[in-house]
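Q: Here you go, sequence then predicted model.
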Amino acid sequence: MDWIPAVSTTVLLAGCLWLARNLIMARLTNAVRYEYDKKLANLKAELTAKQDLLKADLRAKERQLESLKATALSGISQRRSALFEKQVQAIETLWAQVVDLRFVKNAAQSLSIIEFDSAVKMAAKDIRAREVFEMIGPDVGPGSVDTRDTYKCRPFISRVAWAYFSAYTAILGHAALKLHMLKKGLDYPDIIDSKNLKKVIVSALPHQKEYLEKVDSEAYYHLLDELESFMLLAFENTLRGEQDDKAALSQAAEIIRASEELTKTDKVEHEKTA
């Protein structure tokens, strides 16, 4: 029976070892879990802090962007307001010039019933004829159509609007030169050439080309009213901010070229008669 105490000791020792192993395992598990939970909590706190910083940074950038947008929109609004004011002033200046040139327009339309070549020959010989022509336009002369002050308006209106204004004033300038020759009895048949005048009107009012082919150049002045209407329409489009298409810009360039050529030619011819 001596083996019984030995067995009992062995069993007791095995039980103690099992309990010790479980206790150690439990403590190790708890220790690892604690460290894991601690690190997880720290990580969550760090992520939360970073997210808060990121949100704060985003809010700050959004406020900065909104401020920039507001500033930009305010600047655009101010620039548009200033541009619109300039456009209104430019149109007022140009239309005031048109109104001031009514006396030239009236004289030009009076010429539409006169056959110029015959009239200028008569005026060269008869002082009474010259007096009649003086009554038609006593204040009309080569310098009556002076548009130099209107060039400051050109950057603020559309090219089409400027083209119609250029055509209108070039035609009036041509009429003023013809009336000047009638009033002075300057019979220079080679001076006045209606080809450039016709080119201006055809470029500005292409739908009137057939009419221009049928009538004498004196009748061209009947189209001044229509040209005024197109000018006003172009002014309205400028104020609406409407953009001219490629075809309109091409026509405007052609009108301006023809108008400048007519004005240049008339100036040279006037210098010849001075």
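A: Here it is on my side, so go on.
Q: With adjacent residues omitted, what lies nearest to residue 125?
A: The shortest distance from residue 125 to any non-neighbouring residue, by Cβ to Cβ, 6 or more residues apart in numbering, is to residue 185 (7.5 Å). Just so you know, the C-beta spots here come from the backbone N, C-alpha and C atoms, and that holds for glycine as well.
Q: residue contacts, the one you found?
A: Residues counted as contacts of residue 185 (Cβ atoms under 8 Å, 6 or more residues apart in numbering) are 120, 123-125, 127, 129-130.
Q: Look up phi and psi at it.
A: Main-chain torsions, residue 185, degrees, to the nearest 10: phi 70, psi 40.
Q: same thing with residue 171?
A: According to degrees, to the nearest 10, residue 171 has phi -60, psi -40.
Q: OK, contacts around it?
A: 108, 197, 200-201, 220-221, 224, 227, 262.
Q: list the buried ones in the strand or helix carrying residue 182?
A: Secondary structure from DSSP states H and E places residue 182 in helix 159-184. If you call a residue buried by 16 or more other Cβ atoms under 10 Å, then helix 159-184 has these buried ones: 159-184.
Q: next SSE after it?
A: helix 194-204.
Q: Show me what that next one is packed up against.
A: Under the contact criterion of 3 or more Cβ pairs under 8 Å, 6 or more residues apart in numbering; DSSP states H and E, helix 194-204 touches helix 159-184, helix 209-214, helix 224-240, helix 246-273.
Q: please redo it, this time with the cut-off set to 7 Å
A: helix 159-184, helix 209-214, helix 246-273 (3 or more Cβ pairs under 7 Å, 6 or more residues apart in numbering; DSSP states H and E).
Q: List the contacts of that helix.
A: 164, 167, 170-171, 174, 208-209, 212, 217, 220, 223, 227, 251, 254-255, 258-259, 261-262, 265 (Cβ atoms under 7 Å, 6 or more residues apart in numbering).
Q: which of the residues you listed are buried?
A: Buried among the contacts of helix 194-204 (16+ other Cβ under 10 Å): 164, 167, 170-171, 174, 208, 212, 217, 220, 223, 227, 251, 254-255, 258-259, 262, 265.
Q: can the contacts of residue 185 go into CSV with extra columns for pLDDT?
A: Listed next are these as CSV, based on pLDDT from 0 to 100:
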residue, pLDDT
120, 87
123, 89
124, 90
125, 91
127, 91
129, 88
130, 88
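Q: Widest-spaced pair of the residues you listed?
A: With Cβ to Cβ as the measure, no two of the contacts of residue 185 lie farther apart than 120 and 127, at 13.9 Å.
Q: Just want to know which of those two has more residues nearby.
A: Legend: neighbour count by other Cβ atoms under 10 Å for residue 120 and residue 127, higher for residue 120 (23 against 9).
Q: ok now do the closest residue to the more buried one other than its chain neighbours, which residues does it touch?
A: Nearest residue to residue 120 in three dimensions, chain neighbours excluded: residue 187, at 5.2 Å (Cβ to Cβ, 6+ apart). When contacts are counted by Cβ under 7 Å, 6+ apart, residue 187 touches 120-121, 124.
Q: Recalculate using a threshold of 10 Å.
A: Shown in contact with residue 187 (Cβ atoms under 10 Å, 6 or more residues apart in numbering): 117, 119-125, 181.
Q: From what I see, residue 97 and residue 151 are in contact.
A: No - contact between residue 97 and residue 151 fails when scored by Cβ atoms under 10 Å: they sit 11.1 Å apart.
Q: so where's the stretch 101-250 of the chain uncertain?
A: For the stretch 101-250 of the chain, the stretches flagged by pLDDT under 70 are 189-191.
Q: 80 instead?
A: 188-193 (pLDDT under 80).
Q: how close does residue 258 get to residue 251?
A: Separation of residue 258 from residue 251 (Cβ to Cβ, to the nearest Å): 11 Å.
Q: list residues touching both of those two?
A: Shared contacts of residue 258 and residue 251, counting by Cβ under 10 Å, 6+ apart, come down to 163, 203-204.
Q: ok, of the residues you listed, which one's closest to residue 269?
A: After measuring those against residue 269 - Cβ to Cβ - the closest member comes out as residue 203, at 20.6 Å.
Q: Number of residues surrounding the closest one?
A: Using other Cβ under 10 Å: residue 203 sits among 20 other residues.
Q: Tell me the spacing between it and residue 124.
A: For residue 203, the distance to residue 124 - Cβ to Cβ - is 33 Å.
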